[in-house]
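Asks: just the structure for this:
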Amino acid sequence: MAWYPGAERMELQPESDAQPAIIPTQLLMHSIAAPWTPQRIFEYWRDSTNLESHFGLGFDGAMGQYVGTQTRADANMYANRRPDGTGAISCESASNLQHTDPWTPEQVEALIRLGVWVHQQHGIPLRICRTWDDPGYGVHRMFPQWSDGGTACPGDLRTAQFHDVVFPGIVARASGAPPQPNVPPVQPTTPTPAPRRRRPRAYLAIGA
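Replies: Coordinates of the predicted model:
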């Protein structure tokens, strides 16, 4: 199993040893709808539920990892129960209770770094998932198979940040070059002819 060097290891047991192995092909980003630190997220999953994500992210950018990325974590529903053995890496992030707030700048930076690492470590392709089982990057709300029939997690502001800031940041950082802007091609135009210069009129001298 793989452990991200940018996160503090807080291993959940028995999940870390008992749950099946996966081949990671996706990274999915969540909001936990609670203003919690990685330590508090760990305690909640350890003591209160049998659902968990691989990572937990605080407002200040601190990150904890609870299960190795090649072990199933259950927060992604059917994304981690595919018959071919592929699965999704999941990252919960602290938010307000309605998960309507944007990611902080520190959270954005941490998500970009994690996204680069999973690309380098597991070969996850630098694209947004096109279907629920397509390799790539996404947010939890994109496909109903990633939740119990659909979810609003993360909220609208974080979903916009994913598309406008986080995913382009991952691509730029991982490839060493900024992504090309989505600008329509310039249409050719017909050159405007230069104005014709008028020849001066010739005048005859009268009475000479």
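Asks: G155 against M29, yeah?
Replies: No. Look at G155 against M29 with C-beta atoms under 8 Å: they stay out of range, at 11.7 Å. For glycine as for every other residue, the C-beta is placed from the backbone atoms N, C-alpha and C.
Asks: which of the two has more residues huddled nearby?
Replies: M29 (31 against 20; other C-beta atoms under 10 Å).
Asks: wait, what's in contact with R82?
Replies: By C-beta atoms under 8 Å, 6 or more residues apart in numbering, R82 lies in contact with D133.
Asks: actually D156, not the one I typed
Replies: D156 touches T100, counting by C-beta under 8 Å, 6+ apart.
Asks: equivalent analysis for P144, please.
Replies: P144 makes contact with 132, 150, according to C-beta under 8 Å, 6+ apart.
Asks: go on, Q107?
Replies: Q107 neighbours (C-beta under 8 Å, 6+ apart): 57-59, 61, 93-94.
Asks: please identify the helix or strand for it.
Replies: helix 105-122 (DSSP states H and E).
Asks: worst-scoring helix or strand of this structure, pLDDT-wise?
Replies: Lowest by mean pLDDT, DSSP states H and E among the helices and strands of the chain is helix 15-18, with a mean of 89.
Asks: can you list the buried residues in that helix?
Replies: Of all the residues in helix 15-18, those buried under the rule 16 or more other C-beta atoms under 10 Å are 15-16.
Asks: alpha carbons of it, as CSV, please.
Replies: Only the C-alpha atoms of helix 15-18 are listed here, as CSV (Å, rounded to 0.1, in the frame of the first residue of the first chain):
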residue,chain,number,x,y,z
GLU,A,15,-9.8,-1.1,7.8
SER,A,16,-6.2,-0.6,6.7
ASP,A,17,-5.4,-4.3,7.0
ALA,A,18,-8.8,-6.0,6.4
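Asks: show me what it packs onto, helices and strands only.
Replies: Helix 15-18 sits against no helix or strand, with contacts defined as 3 or more C-beta pairs under 8 Å, 6 or more residues apart in numbering; DSSP states H and E.
Asks: contacts for the helix or strand following that helix, please.
Replies: Note on helix 15-18: by DSSP H and E, the next helix or strand toward the C-terminus is strand 23-29. With contacts defined as C-beta under 8 Å, 6+ apart, strand 23-29 is touched by 69-70, 76, 79, 84-91, 93, 111, 114-115, 118, 122, 124, 129, 134-140, 146, 154, 158, 162, 166.
Asks: which parts of the helix or strand just after strand 23-29 are buried?
Replies: On the C-terminal side of strand 23-29, the closest following helix or strand by DSSP H and E is helix 38-48. If you call a residue buried by 16+ other C-beta under 10 Å, then helix 38-48 has these buried ones: 38, 40-42, 44-45.
Asks: JSON lines for these, including distance to P20 and pLDDT?
Replies: JSON lines is the format used below for the buried residues of helix 38-48 (distance: C-beta to C-beta, whole Å; pLDDT from 0 to 100):
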{"residue": "P38", "distance to P20": "24", "pLDDT": "98"}
{"residue": "R40", "distance to P20": "27", "pLDDT": "96"}
{"residue": "I41", "distance to P20": "22", "pLDDT": "95"}
{"residue": "F42", "distance to P20": "21", "pLDDT": "95"}
{"residue": "Y44", "distance to P20": "23", "pLDDT": "93"}
{"residue": "W45", "distance to P20": "18", "pLDDT": "91"}
